[in-house]
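Novice: Below is the structure, and that's it, no one-letter string:
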């Protein structure tokens, strides 16, 4: 279960890394959700996000935990006393850590594609949501 949460978190982080120039424009009439969907579904953006997140996962797995051990010890905790001083996060993550970067590489494009579909659906819903907001405004008593 924690591995699935980690994969989901990393995949969602891909959305933050995806280039979204649609937000940089200052055009009031732009179709932001359409632009976002287009950017998220772009294979080049998916590859860039996948490469970045795969590299990030490899780098994070190689982080040494000795500073954490020292910090816990300084706080009076013995939680990390049984961990070897030269351990890395991949050692704590267990044997599945070896597969994590590959799993991320397979998951990120799918997640970005799904998010693109969601952005498109939100774009189609915007007129209905705006109409609902207008009805609510009209239904509320004026102060």
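Specialist: Now that the structure is in, tell me what you want to look at. Fair warning: this is a prediction, and the values are worked out from it, not measured in the lab.
Novice: count of neighbours near residue 38?
Specialist: 16 (other Cβ atoms under 10 Å). (Each C-beta comes from the backbone N, C-alpha and C, glycine too.)
Novice: swap that for residue 142, sorry
Specialist: Neighbour number of residue 142 under other Cβ under 10 Å is 5.
Novice: three-state assignment of it?
Specialist: Secondary structure, DSSP: H, G, I helix; E, B strand; the rest coil: residue 142 is coil.
Novice: which ones are touching it?
Specialist: For residue 142, the contact set (Cβ atoms under 8 Å, 6 or more residues apart in numbering) is empty.
Novice: Show the pLDDT at it.
Specialist: At residue 142, the model reports a pLDDT of 77.
Novice: for it, phi and psi?
Specialist: Dihedral pair for residue 142: phi -80, psi 140, per degrees, to the nearest 10.
Novice: same question, residue 88
Specialist: Note on residue 88: backbone dihedrals following degrees, to the nearest 10 are phi -120, psi 170.
Novice: swap in residue 65?
Specialist: Residue torsions, per degrees, to the nearest 10, at residue 65 are phi -100, psi 0.
Novice: just for this structure, where's the confidence low?
Specialist: Low-confidence segments of the chain (pLDDT under 70): 1-32.
Novice: Quick one: the helices in the protein, in order.
Specialist: 2-17, 32-41, 43-61, 66-74, 89-93, 100-139 (DSSP state H).
Novice: what's the distance between residue 70 and residue 85?
Specialist: 9 Å (Cβ to Cβ, to the nearest Å).
Novice: tell me the most buried of the helices of the chain?
Specialist: Per residue and on average, the most neighbours among the helices of the chain fall to helix 32-41, with a mean of 19 (mean count of other Cβ atoms under 10 Å).
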